[in-house]
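Undergrad: coordinates only, sequence not included:
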């Protein structure tokens, strides 16, 4: 980030922090959730806790999945925001902050633990609510010194509990919002449609990419070896356009099965494809969490960057209909590095590169996993 962009951000932060909008007659709630699709998939079953009967609810979400959120929560007004553009464009940021201030909300909820001052913090200051709930700042947060120093004194803060899974954090936050909270699962309440040619097919979904980067992805040759051992005759290899070449290399080397590469569908179509799969296999990525929330058996090939944060799922705090993923992992002396790996093997985190094809197949056989039936 260039120095003049940083200067612009700090100027805007000071403006909204020390000269907030004077909002009278405040009402309603603003829920802010701007992270990745996997994090949102795990949060969605808990979102209703922040919706107060008879009051307007605004859901400020990452623009990547704003349309998906509109389907899941038709009772809310969904406001899309592009985090990168917000940080880099002063005009876009000014328009968003003006729009947020104009909502005149009574309360702001910040359910993401790993929040950022220059995103959630600035948005909260612009909203100038009477009440707000967030997790307390810890050294794990980005911009920790500023985040701790500039956190509003009136915020209700939940403490960080080491070893807590994301689902458990979401549940604790939801219970703080509403004592009478009843856990729901909108991924089951609002089924999505897959593209027509996949609606009646029986297939395995594979997610060989990762939102965290290529260094968190299992190697190409092992995906090929694994998929040549599964029994399901049709495989859909799903990912982003940037992963197209990698996915096509896998598909070209899998024999005796129908392999399709899917990289250009909407998130709603992707949710439909995943929810109608017989089972799914992937790295620790959003597709695995979407599968689990949709009640589809899944298997995750997971490293040790954040063990226990997202995988494996805890027995408590599971939403209705959720099927916890099977997790294949290996012990690692440098775990909890938050994916700042200093032990790369051929450009891949050691804890992921150490997972063998045989280990994955053994886990599948021991658990009677659907792909081998």
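TA: Received, thanks. Worth saying up front: this structure is predicted, and the values here are computed from it rather than measured.
Undergrad: Tally up the residues packed near the closest residue to residue 353 other than its chain neighbours, please.
TA: Using CB to CB, 6 or more residues apart in numbering and skipping residues adjacent in sequence, the residue nearest residue 353 is residue 345, 4.1 Å away. All C-beta spots, glycine's among them, are computed from the backbone N, C-alpha and C. If you count neighbours by other CB atoms under 10 Å, residue 345 ends up with 14.
Undergrad: close enough to count as contact, residue 345 and residue 351?
TA: No - the criterion here is CB atoms under 8 Å, and residue 345 misses it with residue 351 at 9.6 Å.
Undergrad: what sits against residue 287?
TA: 38, 205, 207, 238, 270, 274, 280 (CB atoms under 8 Å, 6 or more residues apart in numbering).
Undergrad: Using JSON lines, lay out these together with secondary structure.
TA: Compiled in JSON lines, these are given as follows (DSSP: H, G, I helix; E, B strand; the rest coil):
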{"residue": "38", "secondary structure": "helix"}
{"residue": "205", "secondary structure": "strand"}
{"residue": "207", "secondary structure": "strand"}
{"residue": "238", "secondary structure": "strand"}
{"residue": "270", "secondary structure": "helix"}
{"residue": "274", "secondary structure": "helix"}
{"residue": "280", "secondary structure": "strand"}
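Undergrad: Pick out the most distant pair among those residues.
TA: Using CB to CB, the pair of those lying farthest apart is 38 and 205, separated by 14.6 Å.
Undergrad: So for the two, which sits in the more crowded spot?
TA: Neighbours per residue, other CB under 10 Å: of residue 38 and residue 205, the larger number sits with residue 205, 27 against 21.
Undergrad: list the contacts for the residue lying closest to residue 49 once chain neighbours are set aside?
TA: Once flanking residues are discounted, residue 49 sits nearest to residue 174: 3.6 Å by CB to CB, 6+ apart. The contact partners of residue 174, by CB under 8 Å, 6+ apart, come to 46, 49-50, 181, 183.
Undergrad: Out of these, which is nearest to residue 329?
TA: Closest to residue 329, out of all of the contacts of residue 174 and judged by CB to CB, is residue 46, at 25.8 Å.
Undergrad: Can you report how many residues lie near that closest one?
TA: 24.
Undergrad: Can you list phi and psi of it for me?
TA: As for residue 46, its main-chain torsions (degrees, to the nearest 10) stand at phi -100, psi 0.
Undergrad: Quick check: nearest residue in space to residue 134, chain neighbours excluded?
TA: Here the residue nearest residue 134, using CB to CB, 6+ apart, is residue 110, at 4.0 Å.
Undergrad: Repeat that for residue 178.
TA: Nearest in space to residue 178, with sequence neighbours left out and distances taken as CB to CB, 6+ apart, is residue 49 at 4.6 Å.
Undergrad: Would you confirm that the one you found contacts residue 181?
TA: Yes - using CB under 8 Å, residue 49 is in contact with residue 181, at 4.3 Å.
Undergrad: out of those two, which sits in the more crowded spot?
TA: residue 49 (24 against 16).
Undergrad: what's the distance between the more buried one and residue 136?
TA: 19 Å (CB to CB, to the nearest Å).
Undergrad: repeat for residue 205
TA: 38 Å.
Undergrad: now swap in residue 53 and tell me
TA: Counting by CB to CB - residue 53 and residue 136 are separated by 29 Å.
Undergrad: ok, those two, which is more surrounded?
TA: residue 136 (15 against 4).
Undergrad: so the more buried one makes contact with residue 147?
TA: No - with contact defined as CB under 8 Å, residue 136 does not reach residue 147; the gap is 9.8 Å.
Undergrad: Show me where the stretch 101-250 of the chain has its strands.
TA: For the stretch 101-250 of the chain, the strands defined by DSSP state E, counting those that start in this stretch cover 107-110, 131-135, 156-158, 204-207, 234-238.
Undergrad: Save these as JSON lines, and put in distance to residue 286 and mean pLDDT too.
TA: Putting these into JSON lines (distance: least, CB to CB, whole Å; pLDDT from 0 to 100) gives the following:
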{"stretch": "strand 107-110", "distance to residue 286": "21", "mean pLDDT": "95"}
{"stretch": "strand 131-135", "distance to residue 286": "21", "mean pLDDT": "92"}
{"stretch": "strand 156-158", "distance to residue 286": "24", "mean pLDDT": "90"}
{"stretch": "strand 204-207", "distance to residue 286": "8", "mean pLDDT": "97"}
{"stretch": "strand 234-238", "distance to residue 286": "10", "mean pLDDT": "96"}
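Undergrad: for the ones you listed, which one sits closest to residue 60?
TA: strand 107-110 (9.2 Å).
Undergrad: What is the distance between that closest one and the centre of its chain?
TA: Strand 107-110 sits 19 Å away from the centroid of its parent chain (CA atoms, centre = their mean, to the nearest Å).
Undergrad: Please name the strands paired to that strand in the sheet, noting orientation.
TA: Here strand 107-110 is paired, per DSSP bridges, with strand 29-33 (parallel), strand 131-135 (parallel).
Undergrad: quick one, which of those strands is packed in tightest?
TA: strand 29-33 (a mean of 24; mean count of other CB atoms under 10 Å).
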